[in-house]
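In: this one's sequence-less:
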């Protein structure tokens, strides 16, 4: 009982919430880049939050089912077909043995999520299914999904009639505002440099992947020439010597030696994950207490 992968796309990986507790070994967290879309898919299917899911970065992807189940597609706006019939994303659909599911053109956004009821029946490594290619961990053999791969799942025939409310389906704009908590290293940035940082518009460059997003725009200077390498959290904004901000994401290195002006609120990093090259980015400050309230509100939606 499984999907056979007919077309895998250029970069499709199996992910879940991530791999935690191993950064002291140099193992990155990994996990889905857009948690909002992935958690929405799991909620639609009545799955546990940490159920695995396919993260699709480049279409087309084509899967053939050999058993009944339910699935849904969320994330970037795309064309979804069952047996050549166009279907809505952000909605649960039933499929039967022999059905072919296709994710075609990605129209807006960057990453599509495809989830099945109860997830794919694949063994975890270090407590997670998340694929981290540079460490050869997770997924199937630690690499991206390939043509002819088999994605096993348990047959399921229950009727699940769920659809995400249209008002809560993200719209992917051409300019994004990211809220930033200033870091304990902010004192290495003068008042003028911080004002420049918060009053400038940056552009997402081609150096944008699961590890990090490098921006292009006004140079930001720190009084620190470098720091002793230290642990790096999700959303950290490093300022290297060229002054161009780098936002560290799900497959970031576990330690780094550039000064950090602050950290992007994690739920804003999920929005960043759906932005394309040349998207405009601005920053605005947020205090730690407000940030924690925003996080609690976000995750309570999926409780």
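Out: Looks like it arrived, so ask away. Keep in mind that this is a model prediction, so the values were computed, not measured.
In: and stretch 259-268, which residues are buried?
Out: Within stretch 259-268, the residues scored as buried using 16 or more other C-beta atoms under 10 Å are 259-265, 267-268. For glycine as for every other residue, the C-beta is placed from the backbone atoms N, C-alpha and C.
In: contacts for it, please.
Out: 35-36, 176-183, 185-186, 188-189, 194, 197, 220, 222, 224, 226-227, 232-239, 245, 247, 272, 283, 285-286, 291, 294-295, 298 (C-beta atoms under 8 Å, 6 or more residues apart in numbering).
In: just stretch 160-176 next, same as before
Out: 36-37, 40, 43-46, 70, 72, 74, 76-77, 88, 90-92, 94, 108-109, 117, 201, 268, 271-272, 274-275, 279-282.
In: keep only those of those residues that are in helices.
Out: 36-37, 40, 43-44, 268, 271-272 (DSSP state H).
In: closest one of the residues you listed to residue 10?
Out: residue 37 (19.3 Å; C-beta to C-beta).
In: quick check: closest non-adjacent residue to that closest one.
Out: In space, and not counting its chain neighbours, residue 37 is closest to residue 75: 3.9 Å by C-beta to C-beta, 6 or more residues apart in numbering.
In: how about that neighbour, what does it touch?
Out: Per C-beta under 8 Å, 6+ apart, neighbours of residue 75: 34, 37-38, 41, 56, 89, 109, 111-113, 274.
In: now the residues you listed: which count as buried?
Out: 34, 37-38, 41, 56, 89, 109, 111-113, 274.
In: ok, back up a step: turn the ones in helices among the contacts of stretch 160-176 into TSV, columns for pLDDT.
Out: Listed next are these as TSV, based on pLDDT from 0 to 100:
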residue	pLDDT
36	98
37	98
40	98
43	97
44	97
268	98
271	97
272	98
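In: using TSV, lay out those residues together with distance to residue 11.
Out: TSV is the format used below for the ones in helices among the contacts of stretch 160-176 (distance: C-beta to C-beta, whole Å):
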residue	distance to residue 11
36	20
37	16
40	22
43	25
44	24
268	23
271	20
272	17
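In: counting neighbours, which of the residues you listed comes out on top?
Out: Among the ones in helices among the contacts of stretch 160-176, the one with the most neighbours (other C-beta atoms under 10 Å) is residue 37, at 28 neighbours.
In: I figured that one was touching residue 74, is that so?
Out: Yes. The criterion here is C-beta atoms under 8 Å, and residue 37 meets it with residue 74 at 4.3 Å.
In: between these two, which contacts overlap?
Out: With C-beta under 8 Å, 6+ apart, residue 37 and residue 74 have common neighbours residue 113.
In: from the contacts of residue 75, which land in strands?
Out: Using DSSP state E, the subset of the contacts of residue 75 located in strands is 56, 109, 111-113.
In: closest to residue 131 out of these?
Out: Using C-beta to C-beta, those come closest to residue 131 at residue 56, 12.5 Å.
In: find the nearest non-adjacent residue to the closest one, please.
Out: residue 112 (4.1 Å).
In: tell me what residue 56 is bridged to.
Out: Applying DSSP bridges to residue 56 gives these bridge partners: residue 12, residue 112.
In: what's near enough to touch it?
Out: The contact partners of residue 56, by C-beta under 8 Å, 6+ apart, come to 9, 12, 75, 103, 111-114.
In: which stretches in the stretch 201-303 of the chain count as strands?
Out: 202-208, 212-216, 230-231, 236-238, 246-248, 255-256, 260-264, 280-285 (DSSP state E, counting those that start in this stretch).
In: can you add mean pLDDT and distance to residue 140 and give those back as JSON lines?
Out: Shown next, in JSON lines, are these (pLDDT from 0 to 100; distance: least, C-beta to C-beta, whole Å):
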{"stretch": "strand 202-208", "mean pLDDT": "98", "distance to residue 140": "25"}
{"stretch": "strand 212-216", "mean pLDDT": "97", "distance to residue 140": "25"}
{"stretch": "strand 230-231", "mean pLDDT": "74", "distance to residue 140": "30"}
{"stretch": "strand 236-238", "mean pLDDT": "95", "distance to residue 140": "30"}
{"stretch": "strand 246-248", "mean pLDDT": "97", "distance to residue 140": "26"}
{"stretch": "strand 255-256", "mean pLDDT": "75", "distance to residue 140": "29"}
{"stretch": "strand 260-264", "mean pLDDT": "95", "distance to residue 140": "31"}
{"stretch": "strand 280-285", "mean pLDDT": "97", "distance to residue 140": "34"}
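In: just put those strands in JSON lines and tack on distance to residue 172.
Out: Output for those, formatted as JSON lines (distance: least, C-beta to C-beta, whole Å):
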{"stretch": "strand 202-208", "distance to residue 172": "12"}
{"stretch": "strand 212-216", "distance to residue 172": "15"}
{"stretch": "strand 230-231", "distance to residue 172": "31"}
{"stretch": "strand 236-238", "distance to residue 172": "22"}
{"stretch": "strand 246-248", "distance to residue 172": "17"}
{"stretch": "strand 255-256", "distance to residue 172": "29"}
{"stretch": "strand 260-264", "distance to residue 172": "17"}
{"stretch": "strand 280-285", "distance to residue 172": "13"}
